[in-house]
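Enquirer: next one to model:
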Amino acid sequence: MSSTFFAFLTRMKYIDRWALMRNTFEENLSTHSFEVAAIAHILALIGNRRFGREYNADRAAVLGLYHDMPEILTGDLPTPVKYFNKEIISAYAAVESAACGKLLNALPEDLREDLSPMLQAREEDAQLRRLVKAADKIAAYIKTIEERHAGNTEFRAAEKSTCAKIEAMALPEADAFLAEFIPAFEMTLDQISDE
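Expert: Residues are numbered from 1 along each chain as shown. Prediction:
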């Protein structure tokens with residue numbers, strides 16, 4: 001039996017993010033998902049090492065890898081639109097749920113149960129999904145910094161509001177990431193290499 005799951009998955013590279021903003025460089029869903037997965041993994045490790053958590057860091061990474069997969073079918077709905085009002089939030093959640101169902105049905109039947117928790121929220125992953133949400137915002141914050149460095153003032157307000165949203169999460173792991181990893185984004189390649 002033929003499966004279309006990976007034919008869908010590889011289309012992530014065609015979904016551009018930040019559609020309402022002028023971009024110095026394009027960011028696609030595939031690149032973003034990789035970054036979110038790596039950041040979520042590190043956030044879980046920080047939590048385990050420094051804050052006495054018992055996160056499954058590998059699972060956090062996998063949840064991050066798949067976190068935006070429904071957007072293969074829905075596209076990346078810009079944040080101001082997605083959260084405009086309760087009706088749109090509810091309608092988009094229904095569309096996203098239908099997209100998850102379609103993607104799961106694209107898998108061979110014997111693999112659906114294994115992938116279902118990656119695409120559909122489960123109570124047992126609530127803490128890890130919070131890390132993934134923070135990782136998602138951190139990845140967006142990094143994009144805004146990179147755009148500023150490229151001379152693009154279009155992202156100035158997004159940079160401030162995204163940082164404020166991360167801080168408002170009151171997540172010690174995210175605060176540690178901001179303090180330790182974000183300053184390097186103000187450096188040039190030569191400066192990073194000399195560190």
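Enquirer: quick one, what contacts the residue nearest in space to the middle of the chain?
Expert: The residue lying closest to the centre of the chain (C-alpha atoms, centre = their mean) is D136, at 3.2 Å. Counting by C-beta atoms under 8 Å, 6 or more residues apart in numbering, D136 makes contact with V36, G64, H67, D68. C-beta: built from backbone N, CA, C; applies to glycine.
Enquirer: am I right that the first one sits in a helix?
Expert: It refers to V36. Yes - under DSSP: H, G, I helix; E, B strand; the rest coil, V36 falls within a helix.
Enquirer: pick out the most distant pair among the contacts of D136.
Expert: G64 and D68 (9.2 Å; C-beta to C-beta).
Enquirer: shared neighbours, the two?
Expert: By C-beta under 8 Å, 6+ apart, the residues touching both G64 and D68 are S33, V36, D136.
Enquirer: so which of these comes closest to E87?
Expert: Nearest to E87 among those, with distances taken as C-beta to C-beta, is D136, at 23.5 Å.
Enquirer: buried stuff in the helix or strand containing that closest one?
Expert: Here D136 sits within helix 126-149, counting by DSSP states H and E. Using 16 or more other C-beta atoms under 10 Å as the test for burial, helix 126-149 gives 128-145, 147-148.
Enquirer: quick one: least confident helix or strand in the protein?
Expert: Least confident helix or strand, the chain: helix 79-82 with a mean of 71, by mean pLDDT, DSSP states H and E.
Enquirer: tell me the first helix or strand C-terminal of it.
Expert: Using DSSP H and E, the next helix or strand after helix 79-82 towards the C-terminus is helix 86-105.
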